[in-house]
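**Q** just need the structure, nothing else, for what follows:
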Amino acid sequence: MLRNGTRPHGGNHGSRRAALFGATACGLAMLAAPATAAAAQTLSDDVVKIGVLTDMGGVYSDFTGQGAVVAARMAVEDFAKRGGALGKKLEVVSADHQNKADIGAERARYWYERDKVDVIVELVSTNVALAVMEVAEQKNKLALVSGSASLPITNERCNANTVHWVYDTYALSSGTAKSVVASGKPNWYFIAADYAFGAAMVGDASEIIAASGGKVLGVSKHPFPSSDFSSYLLQAQTSKADVIALANGGHDTINSVKQAAEFGIIGSKQTVLPMVMFLNDVHALGLNTAQGLTLTEGFYWNRDDRTRAWSRRFFEQAQKMPSMVHAGVYSSVLNYLEAVERTGTDEAGAVMKHLKSVEIDDGLFKGKIRVDGKFAHEMLLLEVKKPAESKEPWDYYHVKAVIPADDATLPLSKSKCKLVQR
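**A** Numbers count the residues shown, from 1 in each chain. Sure thing, here's the model as predicted:
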């Protein structure tokens, strides 16, 4: 049975507190196959509860937001059809972290301590993901990150309670930067969001550009979020760089590309290159503006029969095709529930040990979770189609290359993660 409502919280702490604790919650209860009494007793309570903590109305909400909740519910529904979860009820709750670390951490603490949430998923925005990861470690709960990109999540800031599920700045850089430098465009200029993700993206891409024989001519940092990119684009244009790389995301990327088109940069000798871009961004831009852009993603709905079948089901509920983040939320929730079923417990250490011990192949992603918490899987190097090449709505990409997991993932020999044996 699905239900919607708000979860009460005592005290009056003003509008910010109201926004934090007045989040929408949606649950799915189900009866599973009978379980042994001994197994059932290993669950912490009578509910396996998943919290979707995401951006519901901000700069990242189109490729995360309510679509992430839909994806989590789909995973619960698919798992319920097979029985499982030790005969217990499954529930999904959701909240908006507003891309603020303090709100995300406070919500995580409330969920883990008082609401008995077992795992928090999605977590777009690096500052939020890092804050929630710390709370998960303190409370011995799990955080499964799909929306954030920064490499520190499984590098210098890693912990044993977190999995980075879909993509990171190394994966995005290794595909796109190598390809573009090899095509004869060695000189780069970055326009970057001035927070942790932008810095990580520039840093990781710069290393790969240099290793590939290229050079970074300059970096302009803009406030997050922003709407006017004219001065940054003009600086990049004046640099004469072969590539103007956008180390931002969501509406910031969309506005950057639109304004680059208005200034005549797109279509000129300089290449505008979004370092992180989503199917939903291309949809918002339209193929007339986005055609020819090169990017890297971890999932594309129209890749094969399995991805198409799942994505059309998602579309029926969300009224849009899924981003790689939506696919990651589904995958992370489904595999989490399978780990609970296999281990007979929702204790974080046991569930994580199982997740790291198995090969994952759920129809959307195929790979293995490493000791550092990185889910290593292949990535896709994509090119946006011309309008005449698109055969149906949302058919936006040519798959130019498949990047193997080993090439798309930071080698453990270079890792700064405390979990990696030296």
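**Q** can you pull out the low-pLDDT segments for the stretch 51-200 of the chain?
**A** Scanning the stretch 51-200 of the chain for pLDDT under 70 picks out the ranges 84-86.
**Q** all helices for it, in order.
**A** Ranges of helices in the stretch 51-200 of the chain, per DSSP state H, counting those that start in this stretch, are 65-81, 101-113, 126-139, 169-182, 196-211.
**Q** adding distance to Gly373, write these out as a markdown table.
**A** Every residue, glycine included, has its C-beta placed from N, CA and C. Shown next, in a markdown table, are the helices of the stretch 51-200 of the chain (distance: least, C-beta to C-beta, whole Å):
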| stretch | distance to Gly373 |
| --- | --- |
| helix 65-81 | 20 |
| helix 101-113 | 17 |
| helix 126-139 | 9 |
| helix 169-182 | 14 |
| helix 196-211 | 16 |
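**Q** columns distance to Thr294 and mean neighbour count on top of these, output as TSV?
**A** Listed next are the helices of the stretch 51-200 of the chain as TSV, based on distance: least, C-beta to C-beta, whole Å; neighbours: other C-beta atoms under 10 Å:
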stretch	distance to Thr294	mean neighbour count
helix 65-81	25	23
helix 101-113	32	20
helix 126-139	23	23
helix 169-182	6	24
helix 196-211	13	22
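**Q** between the ones you listed, which one is closest to Asp406.
**A** Of all these, helix 169-182 sits nearest to Asp406, with 10.2 Å by C-beta to C-beta.
**Q** quick check: angle from the closest one to helix 126-139?
**A** 150 degrees (axes from the mean of the first three to the mean of the last three C-alpha atoms, to 10 degrees).
**Q** contact partners of helix 169-182?
**A** Outside helix 169-182, the residues that touch it by C-beta atoms under 8 Å, 6 or more residues apart in numbering are 149-151, 197, 200-201, 203-205, 207-209, 212-214, 243, 271, 273, 275-276, 294-296, 298, 379-381, 400-401, 403, 407-410.
**Q** cool, and stretch 208-227?
**A** Contacts of stretch 208-227 (C-beta under 8 Å, 6+ apart): 58-59, 173-174, 177-178, 181-182, 185-195, 198, 202, 206, 229, 231-232, 235-236, 239-241, 248, 250-252, 255.
**Q** re earlier: do you know which of the helices of the stretch 51-200 of the chain lies nearest Asp305?
**A** helix 65-81 (16.9 Å).
**Q** so which elements touch that closest one?
**A** For helix 65-81, the packing partners by 3 or more C-beta pairs under 8 Å, 6 or more residues apart in numbering; DSSP states H and E come out as strand 24-28, strand 47-54, strand 89-96, strand 119-122, helix 305-318, helix 324-343.
**Q** for those, give me a markdown table that also has distance to Val132 and mean neighbour count.
**A** Output for the helices and strands packed on helix 65-81, formatted as a markdown table (distance: least, C-beta to C-beta, whole Å; neighbours: other C-beta under 10 Å):
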| stretch | distance to Val132 | mean neighbour count |
| --- | --- | --- |
| strand 24-28 | 18 | 18 |
| strand 47-54 | 7 | 27 |
| strand 89-96 | 11 | 23 |
| strand 119-122 | 6 | 31 |
| helix 305-318 | 24 | 15 |
| helix 324-343 | 14 | 26 |
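**Q** would you mind measuring from Ile266 to Leu234?
**A** As judged by C-beta to C-beta, to the nearest Å, Ile266 and Leu234 stand 14 Å apart.
**Q** so for these two, which sits in the more crowded spot?
**A** Ile266 (20 against 13; other C-beta atoms under 10 Å).
**Q** isn't that one up against Val257?
**A** Yes - between Ile266 and Val257 there is a contact under C-beta atoms under 8 Å: 7.2 Å.
**Q** what's the overlap in contacts for the two?
**A** 272, 289.
**Q** comparing the helices and strands packed on helix 65-81 by mean pLDDT, which bottoms out?
**A** Per-segment mean pLDDT for these reaches its minimum on strand 24-28, at a mean of 45.
**Q** what's the spacing between the spatially most central residue of the chain and Glu156?
**A** Nearest residue to the geometric centre of the chain (C-alpha atoms, centre = their mean): Gly147, 2.0 Å. According to C-beta to C-beta, Gly147 stands 20 Å off from Glu156.
**Q** check Ala95 too.
**A** 28 Å.
**Q** now His326
**A** 28 Å.
**Q** likewise for Val124?
**A** Val124 is 20 Å from Glu156, by C-beta to C-beta.
**Q** compare those two and say which is more crowded by neighbours.
**A** Val124 (28 against 11).
**Q** leaving out chain neighbours, which residue sits closest to the more buried one?
**A** Gly147 (2.8 Å; C-beta to C-beta, 6 or more residues apart in numbering).
**Q** now do Ala18, the pLDDT please.
**A** 37.
**Q** same thing with Ile266?
**A** 86.
**Q** what strand or helix carries it?
**A** Assigned by DSSP states H and E, Ile266 falls within no helix or strand.
**Q** that older thread, and the buried ones among the contacts of helix 169-182, selectable in ChimeraX?
**A** Command for ChimeraX that selects the buried part of the contacts of helix 169-182, burial taken from 16 or more other C-beta atoms under 10 Å:
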select :149,150,151,197,200,201,203,204,205,207,208,209,214,243,271,273,275,276,294,295,296,298,379,380,381,403,408,409,410
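**Q** what about the contacts of helix 169-182, which are in strands?
**A** Using DSSP state E, the subset of the contacts of helix 169-182 located in strands is 243, 271, 273, 294-296, 379-381, 400-401, 403.
**Q** between those, which is nearest Gly286?
**A** Leu295 (15.6 Å).
**Q** which ones are touching that closest one?
**A** Contacts of Leu295 by C-beta under 8 Å, 6+ apart are 176, 273-277, 382, 384.
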